[in-house]
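Chemist: heads up, no residue letters with this:
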DNA sequence: CAACTCCGCTTGCAGTTGCTAGCACTCCAG
DNA sequence: CTGGAGTGCTAGCAACTGCAAGCGGAGTTG
């Protein structure tokens, strides 16, 4: 036979066990939703890569993008999930297209393009022949610059170039 | 009389000037963007129109989209500015593309030209993100010039597009 | 050495987003 | 008439976003 005090203590213990159990399942649920955190981290990592490639400090990029540098820091580390507007601002600061960051952030689907950019430009009926030539020249210039700046890419790109030729 | 090489070199110089000009105009375009409130109302109106056309109640769309109906109501009336994720959910409920709502919301620019060329440039691993952005801006400029310089071509391009499909 | 500038980050907070609970209204069946 | 189902909306609130103020550290200058 329990005293009223003992009964209440038992109940409180039972409540605590229930809370712990529920809290545990919540933790498990959080673990089941890593895709959101992974996406936040993905765009953050990507932004940091682009910033690093451009040899720009976090503060400078934040200034150029018109966002606060602490917030940019948090975004890069995946602690915050920026809005599309902020992503567009960061893209502008990085001088890259907003779509790129949207894709990394998972809010825009990546369209698979023609593996051969040269062929795509050549067959584009929305362009005059002169403009095609200009774009192709610029494209080749950029590809050469890319080769010069990242030798590791050397092994994949010439192969692609030969296939198109 | 210029040789083709000389012509192309001249064009590359012109291209660089164009790129600089385009980069400048991008900043101005941002300033010319419609106000946030107007954009919120625009996407809200658009959502209501699409919902009305589909003969779906607000609650049904909210259910299909997986958002709360009061919130959807507020979005439609321009009282709230939904995130890209919410827009994507609403688009799914409406069975339209998310890009459509992003465009109405002003977070995604409508692209001119051939989507295949755009996608090819975007996914080309031989280019840095910055160079991709430059090429895409230039491509857009040329497409617009192409449209402006031969309006008759406007009627042939979609036809050509159908033929290739 | 101190003072300064720059670096990336922490913390607290105001404003915003998206939700739940509930409201008033309309229509229809019993 | 009442009760139920559906409609779109109001109001309050928790969680989140993006910011400003400030920190500790590194490097430079006088």
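Modeler: That came through fine. Because the structure is predicted, anything quoted here is derived from the model rather than measured.
Chemist: and the gap between residue A:73 and chain B?
Modeler: Residue A:73 sits 21 Å away from chain B, taking CB to the nearest CB, to the nearest Å as the criterion. From N, CA and C alone the C-beta is placed, and that goes for glycine too.
Chemist: burial count for that residue?
Modeler: If you count neighbours by other CB atoms under 10 Å in any protein chain shown, residue A:73 ends up with 16.
Chemist: got it, and residue A:57?
Modeler: Residue A:57 has 10 neighbouring residues, counting by other CB under 10 Å.
Chemist: can you give me phi and psi for it?
Modeler: The phi and psi values for residue A:57, taken as degrees, to the nearest 10, are phi -70, psi 160.
Chemist: any idea how far residue A:136 is from it?
Modeler: Distance of residue A:57 to residue A:136, computed by CB to CB, to the nearest Å: 36 Å.
Chemist: likewise residue A:50?
Modeler: Using CB to CB, one gets 25 Å for the distance from residue A:50 to residue A:136.
Chemist: Mind listing residues that contact stretch A:59-69?
Modeler: A:51, A:54, A:56, A:58, A:71, A:72, A:86, A:89, A:90, A:92, A:93, A:94 (CB atoms under 8 Å, 6 or more residues apart in numbering or on different chains).
Chemist: how about a cut-off of 10 Å?
Modeler: Residues outside stretch A:59-69 that contact it (CB atoms under 10 Å, 6 or more residues apart in numbering or on different chains): A:47-48, A:50-51, A:54, A:56-58, A:70-76, A:82, A:85-95, B:30.
Chemist: which among those residues are in contact with DNA strand D?
Modeler: The subset of the contacts of stretch A:59-69 within reach of DNA strand D, by CB under 7 Å from any atom of the strand, is A:70, A:71, A:74, A:82, A:85, A:86.
Chemist: Residue A:122: which of those is nearest?
Modeler: residue A:85 (36.6 Å; CB to CB).
Chemist: Farthest pair within the ones next to DNA strand D among the contacts of stretch A:59-69?
Modeler: For those, the maximum inter-member distance is 17.7 Å, found between A:70 and A:85 (CB to CB).
Chemist: Comparing these two, which shows the higher neighbour count?
Modeler: Here residue A:70 and residue A:85 are compared on neighbour count by other CB under 10 Å; more neighbours surround residue A:85, at 17 against 12.
Chemist: Can you name the residues that contact the closest residue to that one other than its chain neighbours?
Modeler: With CB to CB, 6 or more residues apart in numbering or on different chains as the criterion, residue A:85 has its nearest non-adjacent residue at 6.7 Å, and that residue is residue B:107. Contact partners of residue B:107, counting by CB under 10 Å, 6+ apart, are A:83-85, A:87-88, A:98, A:102, A:107-108, B:39, B:43, B:83-84, B:87, B:101.
Chemist: And for residue A:132?
Modeler: Taking CB under 10 Å, 6+ apart, we find residue A:132 in contact with A:118, A:121, A:122, A:123, A:124, B:142.
Chemist: From residue B:97, how far off is the one residue in chain A that gets nearest to chain B?
Modeler: For chain A, the residue closest to chain B is residue A:113, as judged by CB to the nearest CB, at 3.1 Å. From residue A:113 across to residue B:97, the span is 18 Å (CB to CB).
Chemist: Could you check which of the two has the larger neighbour count?
Modeler: Neighbour count, other CB under 10 Å: between residue A:113 and residue B:97, residue A:113 has more, with 18 against 13.
Chemist: how about that one, secondary structure?
Modeler: What DSSP: H, G, I helix; E, B strand; the rest coil gives for residue A:113 is coil.
Chemist: those helices in chain A, which residues are they?
Modeler: For chain A, the helices defined by DSSP state H occupy A:4-32, A:34-53, A:58-65, A:69-76, A:84-94, A:98-105, A:117-122, A:129-149, A:157-164.
Chemist: how does chain A divide up, domain by domain?
Modeler: The record's domain parsing of chain A by automatic domain parsing lists A:4-32, A:35-105, A:117-164.
Chemist: which one of those has the lowest average pLDDT?
Modeler: With a mean of 43, domain A:4-32 has the lowest mean pLDDT of those.
Chemist: Please work out how many residues are found near the closest residue to residue A:135 other than its chain neighbours.
Modeler: Ranked by CB to CB, 6+ apart and with sequence neighbours excluded, the top spatial neighbour of residue A:135 is residue A:121, at 5.3 Å. Residue A:121: 23 surrounding residues under other CB under 10 Å.
Chemist: Does residue A:121 touch residue A:128 like I think?
Modeler: No. Using CB atoms under 10 Å, residue A:121 makes no contact with residue A:128, being 11.8 Å away.
Chemist: where do the contact lists of these two overlap?
Modeler: Taking CB under 10 Å, 6+ apart as the criterion, residue A:121 and residue A:128 both touch residue A:134.
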